[in-house]
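> next comes the sequence, and after it the predicted model I'd like to discuss.
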Amino acid sequence: MMVRTLSYAAACAMLTSIAACTVGPDFTRPKSIDKAGWNDPSAKQGAVSEQANPDPEWWSGFNDPVLTALIEKSIKGNLDLQQAVLRIVEARQGEVAARAEGLPTLGATGSYKRTQLGAKGLLESNGATDQLNNLTDKKSGKAIGGLLDQISQPADIYQYGFNVSWELDLFGKVRRSVEQASAKTEAAAEATNDALVMLEGQVAEAYVQLRGAQALAASQQENVRIARDALELTERRQQNGLTTQLDVEQARTQLNDSERQLPAFDKQVAQAMNSLSVLIGEPPGTVDPMVATPAPLPKPPQVVGVGVPSTLARRRPDIREAEAQLHAATANVGVAVAGFYPDISLTGNLGLRALDASYLTNWASHFYSFGPSVSLPIFEGGRLTAGLTVAHAQAAEAALAYRGTVLNALREVENALVAYRTDTIARDDAAKTVKSADTTFYLARNRYEHGLSDFLQALDAQRTLISARQQLVQADISLTGDIVALYKALGGGWEKKAGDITIPQINPTPPPLPGALDSVAGESLKPNPPRAE
C-alpha cells in the first residue's frame with residue numbers, strides 16, 4: 001500500500017513538472033532605437049526642439065477653432081476608424097476562444113432511435129437457431145427460440161446524458177495560442193491608434209488645402225483687380241492718343257488670363273470641403289457652412305517639440321503594432337513546436353438509456369464512462385515539420401518588418417524636418433520676391449502712366465508680381481503642410497483621443513453577446529501607456 005501511494009505521488013509530481021513546461025521561444029522585446037539625435041540641423045534650431053515631445057493634441061497649437069472642431073467630429077464619426085474598432089472586437093473574441101481551448105467543456109445530449117439489432121440473423125448465420133429452438137425455459141416451459149423472436153423485433157431506445165472533455169495543456173500549446181491571440185489583440189488596438197493618427201493628419205491636410213485654395217482664390221482676385229486697372233489705364237491712354245490699340249489688347253489678354261484661373265481655385269475649394277465631409281463620416285456638403293467663408297491659413301506654433309529618436313518607438317503606433325505582430329509570430333512558433341508532443345485529454349460520459357421512456361428516471365438505466373486519452377503524432381508526412389518551418393520563417397519576417405517600420409519612421413521624421421527647414425527658407429525668399437516685385441510694378445506702372453516707358457515693361461512687371469504673389473501663397477501652404485506632416489511622422493495625437501472614438505453597435509443574435517463590445521472597446525481603446533525602453 002505504501003509503495004502504491006509513493007508511486008502515485010511520484011506520478012503526480014512528474015505531471016505537475018511537465019504541466020509547467022511551455023515549449024517554444026519566449027518573446028523578447030526588440031532593442032530601443034540607438035540614435036542620439038536627428039540628423040537634420042533644423043532639430044537644433046529655435047523653431048524645432050528636441051527638449052520637448054510632441055503635443056498629444058498638436059492641432060490645438062494652430063489656434064484654429066474650426067480645425068479643432070473638424071478633428072473632434074472626425075474622431076467620433078469617421079467610418080474607417082469605426083471599422084478599426086470592430087477589428088479590435090474580432091481580435092479580442094479570438095483571444096477569448098483561445099483561452100476556452102484550455103478549459104473543460106460540458107455538453108448535454110438527448111436522442112430517440114428506432115433500432116433493429118438483427119440478432120436473429122446473426123444467430124441463424126452461425127447455425128445456433130435450431131439448437132436454441134430445442135431448448136425450453138424451465139420455469140415457463142416456453143421454447144427459447146420464441147423469446148429470441150421477441151428480442152429481435154425493432155425497439156425504441158431513449159437516451160439522454162452529459163459529456164465532459166478537458167485537454168490537459170501539458171506542453172503549453174494552449175498557453176502559446178492565448179499568448180498569440182493576446183498579441184494580435186494588442187496589434188489591432190495599435191492599428192486603431194495608427195488609424196487615428198492618420199485621420200487627424202488627413203483632416204488637417206484637407207483643411208490646409210481648403211484654406212490654401214481660398215487664399216489662392218483671394219490672391220487671384222487681387223490679380224484680376226490689378227489687371228482690370230491696367231486695362232482701364234491703357235484704354236484711357238489710347239483714347240487720348242497716348243498709346244496704341246495693341247497695348248489695349250495686351251492688357252485685355254492679361255485680364256482674361258487672370259480670370260481664366262479663378263474656376264480652378266473654386267474647384268479646389270469644393271473638393272477640399274467634400275473631403276472634409278467624408279472624413280467626418282458625413283455626405284459631401286455637410287461641413288460647407290463651417291468652412292465656406294474664407295479664412296487665413298492656420299498659423300503653425302512657434303516651436304515644434306520633436307523629442308529624441310529613442311522616444312519614437314513608444315509614440316508611433318505603427319512601430320508598436322509591428323512589435324505586437326512580432327510577439328504573435330514568436331508565440332506561433334511555440335504552437336508549432338507543441339504539435340510534436342502528445343495531446344492528453346480527460347473525457348467522460350454520464351446518462352440514462354432505456355427501451356421505455358418511463359424508465360429514463362430510473363437510476364437502474366444509467367450508464368457512464370470516463371478515462372484519459374492520449375494522441376501522439378508518429379507519422380504526419382512532414383506536415384508538422386513544414387508547419388514549424390513556416391512559423392520560424394514568419395517570425396523572421398515579422399522581425400524584419402519591425403525593423404523596416406522603425407527605419408521608415410525615422411525616414412519620415414527626417415524628411416519632414418528637411419521639408420520644414422527648406423520650405424521655411426523658400427517662404428522667406430518668396431516674401432522678399434513679392435516685396436521687390438510690388439515695388440517694380442509700382443515704378444513700371446508709374447513710368448508708363450507718365451509716358452516714360454512702353455506698356456510691355458509695365459506688363460512684364462505686372463506678370464512678375466502676379467506670379468510672385470501666387471508663389472508666396474503656395475509657400476505658406478507648403479510650410480503649414482510640412483508642420484502637419486511632421487506631427488504625423490512623430491506619431492502624436494492618439495494618447496488622449498483613443499477613448500473618444502465612437503464605438504459601433506453590434507447585436508449578435510443568436511447567441512447573445514451581452515456587454516462584449518463595451519468591454520472590448522473599454523479595454524482596447526484606452527491609450528497604451530509608454531513603456532520603458
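It's in. Residues are numbered from 1 along each chain as shown.
> please make it C-alpha for all contacts and neighbour counts, starting now.
Fine.
> skip the chain neighbours and tell me the closest residue to the residue nearest the centre of the chain.
Against the mean C-alpha coordinate of the chain, by CA atoms, centre = their mean, the closest residue is A191 at 3.1 Å. The shortest distance from A191 to any non-neighbouring residue, by CA to CA, 6 or more residues apart in numbering, is to E321 (6.1 Å).
> so which strand or helix has that neighbour?
Element membership for E321 (DSSP states H and E) is helix 317-338.
> the residue nearest to A191: how many residues sit nearby?
Residues lying near E321 (other CA atoms under 10 Å) number 25.
> on that earlier part again, got the angle between the one helix or strand the residue nearest to the centre of the chain maps to and helix 317-338?
Per DSSP H and E: A191 is located in helix 173-239. Calculated by axes from the mean of the first three to the mean of the last three CA atoms, to 10 degrees, helix 173-239 forms an angle of 150 degrees with helix 317-338.
> other SSEs contacting helix 173-239?
Helices and strands touching helix 173-239, by 3 or more CA pairs under 8 Å, 6 or more residues apart in numbering; DSSP states H and E, are helix 65-77, helix 79-100, helix 245-260, helix 262-279, helix 317-338, helix 455-490, helix 516-524.
> average pLDDT for the shortest one, rounded please.
It stands for helix 516-524. For helix 516-524, the mean per-residue pLDDT is 42.
> for K35, which non-adjacent residue is spatially closest?
Using CA to CA, 6+ apart, the closest residue to K35 is P309 (6.0 Å).
> equivalent analysis for R99, please.
Nearest one to R99, counting by CA to CA, 6+ apart, is V178 at 5.7 Å.
> wouldn't A47 be in contact with V306 here?
No: counting by CA atoms under 8 Å, A47 stays clear of V306, with 10.4 Å between them.
> in a helix, R427, correct?
Yes: looking at R427 with DSSP: H, G, I helix; E, B strand; the rest coil, it is inside a helix.
> on that earlier part again, pull the contacting residues for the residue nearest to the centre of the chain.
With contact set as CA atoms under 8 Å, 6 or more residues apart in numbering, A191 has these partners: A84, P317, D318, E321.
> how close does the third one get to A328?
So the one you mean is D318. 15 Å (CA to CA, to the nearest Å).
> those two - which one has more neighbours?
Legend: neighbour count by other CA under 10 Å for D318 and A328, higher for A328 (27 against 24).
> pretty sure that one sits against E186.
No: judged on CA under 8 Å, A328 makes no contact with E186 at a distance of 9.5 Å.
> nearest residue to G212 other than its sequence neighbours?
I477 (5.7 Å).
> what is the burial count for the one you found?
By the criterion of other CA under 10 Å, I477 has 24 neighbours.
> circling back: what's the helix holding E321 packed up against?
So helix 317-338, by 3+ CA pairs under 8 Å, 6+ apart, packs with helix 173-239, helix 312-315, helix 383-449.
> can you add mean pLDDT and distance to K488 and give the ones you listed back as a markdown table?
Output for those, formatted as a markdown table (pLDDT from 0 to 100; distance: least, CA to CA, whole Å):
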| stretch | mean pLDDT | distance to K488 |
| --- | --- | --- |
| helix 173-239 | 90 | 6 |
| helix 312-315 | 86 | 11 |
| helix 383-449 | 90 | 9 |
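> dump these to CSV, plus distance to S60.
Putting the helices and strands packed on helix 317-338 into CSV (distance: least, CA to CA, whole Å) gives the following:
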stretch, distance to S60
helix 173-239, 11
helix 312-315, 19
helix 383-449, 19
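> and those: which comes nearest V374?
helix 173-239 (15.0 Å; CA to CA).
> rewinding a little: now do the contacts for the residue nearest to R99.
Contacts of V178 by CA under 8 Å, 6+ apart are E95, A98, R99.
> Y448 now?
D454, F455, A458.
> at 6 Å instead, please
The contact partners of Y448, taken as CA atoms under 6 Å, 6 or more residues apart in numbering, are D454.
> G305 now?
So G305 contacts V48, S49, A52, N53, P54 (CA under 6 Å, 6+ apart).
> and the second one, how many neighbours?
Other residues lying near S49 total 18 when counted by other CA under 10 Å.
> give the bridge partners for it, please.
Beta-bridge pairing for S49 (DSSP bridges): G305.
> for L312, see how far away it is.
Taking CA to CA, one finds S49 at 15 Å from L312.
> which SS class is K113?
strand.
> verify the stated contact: it with I157.
Yes: K113 lies in contact with I157 (CA atoms under 6 Å); the separation is 5.2 Å.
> higher neighbour count, these two?
I157 (15 against 11).
> pull up the gap between the more buried one and L407, please.
70 Å.
> burial measure for the residue nearest to K35, as a count.
By the criterion of other CA under 10 Å, P309 has 19 neighbours.
> ok so, going back, give me the more crowded residue out of A47 and V306.
A side-by-side neighbour count of A47 and V306, using other CA under 10 Å, places V306 first with 25 against 14.
> ok now do that one, which residues does it touch?
Shown in contact with V306 (CA under 6 Å, 6+ apart): S49, E50, N53, P54.
> of these, closest to C21?
N53 (43.1 Å).
> just give the number of residues close to the nearest residue to the closest one once chain neighbours are set aside.
Computed as CA to CA, 6+ apart, the closest residue to N53 that is not its neighbour in sequence is G307, at 4.3 Å. If you count neighbours by other CA under 10 Å, G307 ends up with 19.
> okay, the lengthiest strand in the chain in CSV with CA atoms only?
Ranked by number of residues, the top strand in the chain under DSSP state E is strand 155-168. Provided in CSV are the C-alpha atoms of strand 155-168 (Å, rounded to 0.1, in the frame of the first residue of the first chain):
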residue,chain,number,x,y,z
ALA,A,155,-37.0,-1.5,-30.4
ASP,A,156,-37.3,2.1,-29.2
ILE,A,157,-34.2,3.4,-27.5
TYR,A,158,-34.4,6.6,-25.4
GLN,A,159,-31.3,8.2,-24.1
TYR,A,160,-30.0,11.5,-22.5
GLY,A,161,-26.9,12.4,-20.6
PHE,A,162,-23.9,14.7,-20.3
ASN,A,163,-20.4,14.6,-21.7
VAL,A,164,-17.3,16.4,-20.5
SER,A,165,-13.9,16.8,-22.0
TRP,A,166,-10.7,18.6,-20.9
GLU,A,167,-7.5,18.7,-22.9
LEU,A,168,-4.5,19.0,-20.5
